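Visitor: Sequence first, predicted model second:
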Amino acid sequence: MSTRTVLVVNSGSSSIKYQLVDPDAGTAIASGLVERIGESSGNVKHTYGDQTVKRELPVPDHAVGMRIVLDLFEEVGPSIHTSNVVAVGHRVVQGGSVFDAPALIDDDVVEKIDALSPLAPLHNPAHITGIKVARQLLPDEPQVAVFDTAFFEKLPAEAATYAIDKKVAAAHQVRRYGAHGTSHQYVSQEVARYLDRPVGELNQIVLHLGNGASASAVKGGHAVDTSMGLTPLEGLVMGTRSGDIDPAVVFHLYRNAGMSIDDIDDLLNRRSGIKGLSGENDFRALHDMIAAGDADAALALDVYVHRLKKYVGAYYAILGRLDVLTFTAGVGENDDVVRARVCEGLEPLGIVLDPERNAGRGGPKVISADGSPVTVLVIPTNEELAIARQSLAVVEAR
Ligand code: AMP
C-alpha cells in the first residue's frame, strides 16, 4: 500500500495554514501558508522537499486561497490526487461543551461549530469557511474537525466552573473550556512514550510556552486542570496576552480611562504580556534587551517566570504527587533560561534540574538530574501530526 497522508488545514480569519502529513511516519511531506486573504495583495508559500515557492497575488477569499493551494500541490508537488489522502483534518479552536473528541464533519457538525461562534468570534467562523471550501474542493476525502478544547471538555466540574451566578453562566455558556488541548494531549502521551511508562500511571504538568502559553495538570492521561479559560486570555503571561488579571481592571479602565470594551479587548489580547511590559514579544529579542541592561525587559521576564511558578505550585497541589514536568512549544523547547528560572528554588518540591542537560535547544530530552524525584523533560509539540493522527483514527473508526 502506498503511504497514507492527511491534509491538515488551519483556516484563520485571513489565512490558511496547511500541512500534508504522513501520520504513520510522523513526518510533514509538504506545507504552506496563504496570508492576507481579502486584502489588496496576499502572500502564498508552499514547501515540498527542498523546494519552496513564494508568490504575491490577490487572494480575495478562502475559496480562491484553497484553490491556489491545490494548484500548488499539482504544480510543485506532491499531487493531492496521487497522495492517497485519507482525511482532511481541520483545526477548530472552540468545541464548547459539545465536542469532547474529534468529529467526522457533516452538515450537523458544521452547524454545531457555527453555533459556538459567540465563544470564539474570530476563529470558528473562519474555520467554517475553510471547512466549506475544503468540502467543495475535495468532496471525496472525509473531513474531520479536531477541537483545541476537546482534551479539556471533561475537566472536573470544580476546575471548569467559574464562581459566578450559575444562571448567568448557564445562559451564556460561561465556563472554562481551555485551549491548546491538542498540544497538551499529544505532549502528555509523548511523555509516556518517551519514558516508556503507561500514561495511566503518570501525574504530569505540561507547560506549553509558545507565543500563546498554557499549563495543564494531567492525571493518568486525563486533564484535571488547565490555565486557559472561557478564552485563551486566562492564565499564564503570554507573548501579547496578559493572562490572569483582576477582572476589575476591565471595569476600572472602562469607567476611568475612556476605553471601550473593544479597546480593552485589544489591550489585554494584543498589547499586554511580554510585549506590553517590554515592547517585544519574542523571547530572543527579550534576552537581548536584558543583556543590554533594559530594566523593563528584566521585569517582564520576572513577571512571566513568577506566574509560571505559581501554576507549577498550584497544579502540584491539585495532583498531590508529581511525576513529570514537561516544557514544550517555541519558548519551552528553546529557552533554557526560562526553564532554569522556572525550576530554580523548586528543589524542595523534588524538581532538580541538571544545568548541562538543560543547556541548549530542542528535544526530546530529560533535563532533570539523576535522582530528581520529578522527571523534567523537553518534548517538542507537533499539533499538525496530532491532528493528522486524530483525523485518521476517526476515519478508521467509521
Ligand atoms: P510558538 O508559538 O510555539 O511557535 O512559539 C513562538 C515563540 O517561541 C516566539 O515568539 C519566541 O518567543 C519563542 N522562541 C522561538 N525560538 C526561540 C529561541 N531560540 N529562544 C527563545 N525563544 C524562542
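Guide: That came in fine, so what should we check first?
Visitor: Would you point out which residue of this structure is nearest the ligand?
Guide: In the chain, the residue that lies nearest the ligand is Gly330 (2.0 Å; C-beta to the nearest ligand atom). Heads up, the C-betas are built off the backbone N, CA and C, glycines and all.
Visitor: for that residue, phi and psi?
Guide: When read as degrees, to the nearest 10, the backbone of Gly330 gives phi -50, psi -50.
Visitor: That one and Leu207, how far apart?
Guide: For Gly330, the distance to Leu207 equals 12 Å [C-beta to C-beta, to the nearest Å].
Visitor: Which one's more surrounded, those two?
Guide: Taking neighbours as other C-beta atoms under 10 Å, Gly330 and Leu207 compare with Leu207 leading, 26 against 18.
Visitor: Is it correct that the more buried one is in contact with Gly332?
Guide: Yes: the criterion here is C-beta atoms under 8 Å, and Leu207 meets it with Gly332 at 5.7 Å.
Visitor: ok, the residue nearest the centre of the chain - contacts?
Guide: The centroid of the chain falls nearest to His180 when counting by C-alpha atoms, centre = their mean (3.4 Å). Counting by C-beta atoms under 8 Å, 6 or more residues apart in numbering, His180 touches Asp148, His208, Gly212, Ser214, Ser216, Met228, Pro232.
Visitor: dump the residue contacts of the first one.
Guide: By C-beta under 8 Å, 6+ apart, the contact list for Asp148 reads Arg91, Val92, Val93, Gln94, Gly95, Ala179, His180, Gly181, Thr182.
Visitor: Export the contacts of His180 to CSV and append columns for secondary structure, distance to the ligand and pLDDT.
Guide: As requested, these are exported to CSV (DSSP: H, G, I helix; E, B strand; the rest coil; distance: C-beta to the nearest ligand atom, whole Å; pLDDT from 0 to 100):
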residue, secondary structure, distance to the ligand, pLDDT
Asp148, coil, 13, 97
His208, strand, 8, 98
Gly212, coil, 6, 95
Ser214, strand, 11, 98
Ser216, strand, 15, 99
Met228, coil, 14, 98
Pro232, coil, 12, 94
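Visitor: before we move on, back to that, check contacts around the residue of the chain closest to the ligand.
Guide: Leu209, Gly210, Asn211, Phe283.
Visitor: Pick the one among these closest to His81.
Guide: Gly210 (34.4 Å; C-beta to C-beta).
Visitor: Now a ChimeraX select for only the buried ones of the contacts of His180.
Guide: Burial among the contacts of His180 is assessed by 16 or more other C-beta atoms under 10 Å; the matching ChimeraX selection reads:
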select :148,208,212,214,216,228,232
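Visitor: so what's Lys112 closest to, chain neighbours aside?
Guide: Val98 (5.3 Å; C-beta to C-beta, 6 or more residues apart in numbering).
Visitor: Which secondary structure state does the one you found sit in?
Guide: Here Val98 is recorded as coil under DSSP: H, G, I helix; E, B strand; the rest coil.
Visitor: State the distance from it to Ala150.
Guide: For Val98, the distance to Ala150 - C-beta to C-beta - is 10 Å.
Visitor: more neighbours, the two?
Guide: Between Val98 and Ala150, counted using other C-beta under 10 Å, the more crowded position is Ala150 (24 against 17).
Visitor: got the contact list for the more buried one?
Guide: Gly95, Phe99, Asp100, Ala101, Pro102, Gly181, Thr182, Gln185.
Visitor: mind running it again at 7 Å?
Guide: Gly95, Phe99, Asp100, Ala101, Pro102, Gly181 (C-beta atoms under 7 Å, 6 or more residues apart in numbering).
Visitor: Get me the contact residues on the chain for the ligand.
Guide: Neighbours of the ligand within the chain, by C-beta under 6 Å from any ligand atom: 210-211, 239, 281-284, 329-331, 334-335, 361.
Visitor: can you map out the helices along the stretch 151-300 of the chain?
Guide: 157-160, 166-171, 181-195, 248-256, 261-270, 273-278, 283-291, 295-319 (DSSP state H, counting those that start in this stretch).
Visitor: Including mean neighbour count and mean pLDDT, could those helices go into CSV?
Guide: Putting the helices of the stretch 151-300 of the chain into CSV (neighbours: other C-beta atoms under 10 Å; pLDDT from 0 to 100) gives the following:
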stretch, mean neighbour count, mean pLDDT
helix 157-160, 13, 98
helix 166-171, 10, 98
helix 181-195, 22, 98
helix 248-256, 12, 98
helix 261-270, 14, 96
helix 273-278, 22, 98
helix 283-291, 17, 98
helix 295-319, 18, 98
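Visitor: Which element is encountered next along the chain beyond the one helix or strand Ile29 maps to?
Guide: Using DSSP states H and E, the element containing Ile29 is strand 27-35. Of the helices and strands lying after strand 27-35 in sequence (DSSP H and E), the nearest is strand 42-48.
Visitor: how far off strand 27-35 does that next one point, in degrees?
Guide: 170 degrees (axes from the mean of the first three to the mean of the last three C-alpha atoms, to 10 degrees).
Visitor: strands paired with strand 42-48, and their directions?
Guide: strand 27-35 (antiparallel), strand 51-57 (antiparallel) (DSSP bridges).
Visitor: And these: which comes nearest Tyr162?
Guide: Of those, the one closest to Tyr162 (C-beta to C-beta) turns out to be strand 27-35, at 35.5 Å.
Visitor: Just the buried residues of that closest one, please?
Guide: Ala28, Ile29, Ala30, Ser31, Gly32, Leu33, Val34, Glu35.
Visitor: For it, give me every contacting residue.
Guide: Counting by C-beta under 7 Å, 6+ apart, 5, 14-22, 42-48, 59, 65, 68-69, 72, 78, 384 sit against strand 27-35.
Visitor: for stretch 66-85, same thing?
Guide: Residues contacting stretch 66-85 (C-beta under 7 Å, 6+ apart): 2-7, 16, 18, 20, 29-30, 32, 34, 44, 46, 48, 51, 53, 59, 133-134, 137, 141.
Visitor: Then stretch 46-62?
Guide: 11, 16, 30-32, 34, 37-38, 40-45, 65, 68, 72, 76-78, 129-130, 133.
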